[in-house]
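Novice: Got a sequence here, can you build the structure:
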Amino acid sequence: MGRWVLHVDLDQFIAAVEVLRHPELRGRPVVVGGDGDPTKRGVVSTASYEAREHGVHSGLPLRTAARRLPDAVFLPVDREAYDEVSASVMDVLRTSGAVVEVLGWDEAFLGLDTSDPEAFARSLADRVRAATQLDCTVGIGENKLQAKIATGFGKPAGVFRLTSENWFSVLGDRPTDALWGIGAKTAKKLAGLGISTVSDLAAADPDALAAVFGPMTGPWLVLLGRGRGDADVDDSPYLARGHGKEETFQQNIADWSRVQAEVARLAGLLAVDLAAEPRPAVRVVVKVRYAPFVTETHGVTLSSPSSEAAVIEGAARSALERFAGRRPVRLLGVRAEFGT
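Specialist: Numbers count the residues shown, from 1 in each chain. Alright, predicted model coming up:
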C-alpha cells in the first residue's frame, strides 16, 4: 500500500455538458462564451476538442473564434447547469472512499492509500461516466504537483502516473512553464538567468534564485523543478477565494467619467452579492481591459474586512485611481477577495 494523490479533471467540461444537453452537436466544433453571439464582444469560456483543433481556446475573443472557425456552434454560458453537473461529479468522487479536495467546477484532488492507483483511477473514471456521461482524465502522483501535471499527459479520458522515478524522463527537457505554478513571465525571467528547462531549474542554486525572486519564491521554484510539492489533500468544503462582477462593452468607453460610473455600478452589484456571503471582503480589485485587448489590474486592501456597499464602492474608486492610462476601455471588472 502506498499513499497517492490523484488529480481528476473533467475533459472539456463546459462543452461536454452542452453536448449532453444538445446531442445533435456531438462531433461538431462547439464554442461556449458570453451570451453565445460571436458578433458581440466577449471571450471563449471553453471550446470542444473539435474547435481546439482550429486554434479556438478559452480566453480567445469570440469574434476571433468566429473568424477562425465560422462554422462553429456558439452557445451562451449557463452557470446553473454547470453547477448542477459538477455537484453530481463531486458526489461520485466523495463516495469513492478517498479524501476529496474540490478545486472548482471540473477538477479535484483525491488522497488515498492503495497498491494499484491506476486501477482505482480507471474505476473512478468509469463511475463518473456511468453517473454523468462525462469523461475525465486522472493524473497520479506522489504529491499535488505531480498529479496535476500528470493529467495533461493523460488527456483525453486517460490515466497517467508521474512520480520522482519518471519526473526527469518525462519533464526534464521541457521548458520551465510546463510546471504548474510557472507562467510565461517567470519562465522568461528564468531564461534570462540561463534556466530554460525543468532540469536546469532542478539544478539551480536556491540562494541564487532567492536573490532574484525573493527568499520564499526562489527556493520554491527549485523545488518545483525537482517535482517536490504538497501531498496533503484537504476535504474542507470548497470556498471561493473571491467573487466578482465584470462586463464587456459592445462599444469602447472613451469618457473616463463614464468608466468611473460603470465601476461604481459594478461595485454596487457586487455588494448585493456579498450581502449573502458569510465572509467579508478584505481586498477589492478593479480590472480594466483597454482596446484592443490589453488588461491591467489594481487592488486596494481594506482597512478592516467589510461587505458594506459604501466600503466596496469606495475601494473600487480608489483602485481605479491607480490606473495611469486613460485609453478607450472595452471591459471593466470589480472583484472582492476574501480572507483565508
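Novice: Which residues are in contact with the nearest residue to Ala231 once chain neighbours are set aside?
Specialist: Distances taken as Cβ to Cβ, 6 or more residues apart in numbering place Asn143 nearest to Ala231, at 4.1 Å, with adjacent residues excluded. Where C-beta positions appear, they are placed from N, C-alpha and C, glycine not excepted. Taking Cβ atoms under 8 Å, 6 or more residues apart in numbering, we find Asn143 in contact with Val5, Gly227, Arg228, Gly229, Asp230, Ala231.
Novice: Please convert the buried members of these into PyMOL selection syntax.
Specialist: The PyMOL selection below is limited to those of the contacts of Asn143 classed as buried (16 or more other Cβ atoms under 10 Å):
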select buried, resi 5+227+228+229+231
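Novice: just checking, which of the contacts of Asn143 belong to strands?
Specialist: Val5 (DSSP state E).
Novice: Let's have the contacts of Asn143 in a markdown table, adding pLDDT and distance to Ala187.
Specialist: Shown next, in a markdown table, are the contacts of Asn143 (pLDDT from 0 to 100; distance: Cβ to Cβ, whole Å):
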| residue | pLDDT | distance to Ala187 |
| --- | --- | --- |
| Val5 | 98 | 25 |
| Gly227 | 98 | 17 |
| Arg228 | 97 | 19 |
| Gly229 | 95 | 18 |
| Asp230 | 95 | 22 |
| Ala231 | 96 | 25 |
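Novice: Please give the centre-to-centre distance between stretch 212-229 and its chain.
Specialist: 21 Å (Cα atoms, centre = their mean, to the nearest Å).
Novice: end to end, how far does that stretch reach?
Specialist: 21 Å (Cα to Cα, to the nearest Å).
Novice: just stretch 188-207 next, same as before
Specialist: End-to-end for stretch 188-207, by Cα to Cα: 19 Å.
Novice: Then stretch 189-206?
Specialist: 15 Å.
Novice: So for stretch 204-211, what gets flagged as buried?
Specialist: Ala204, Leu209, Ala210.
Novice: no, scratch that, I was asking about stretch 296-313
Specialist: So, applying 16+ other Cβ under 10 Å, buried residues of stretch 296-313: His298, Gly299, Val300, Leu302, Ser306, Ser307, Ala309, Val311, Ile312, Glu313.
Novice: and what of stretch 173-188?
Specialist: So stretch 173-188, judged by 16+ other Cβ under 10 Å, has buried residues Pro175, Thr176, Asp177, Leu179, Trp180, Ile182, Thr186, Ala187.
Novice: if I look at the residue nearest to the third one when sequence neighbours are not counted, how far off is Ser88?
Specialist: The shortest distance from Asp177 to any residue other than its chain neighbours is 3.9 Å, reached at Ala187 (Cβ to Cβ, 6+ apart). Using Cβ to Cβ, to the nearest Å, Ala187 is found at 37 Å from Ser88.
Novice: same check, this time on Val159
Specialist: In terms of Cβ to Cβ, Val159 sits 21 Å off from Ser88.
Novice: if you count what's nearby, which of these two comes out ahead?
Specialist: More crowded of Val159 and Ser88, by other Cβ atoms under 10 Å: Val159, with 22 against 12.
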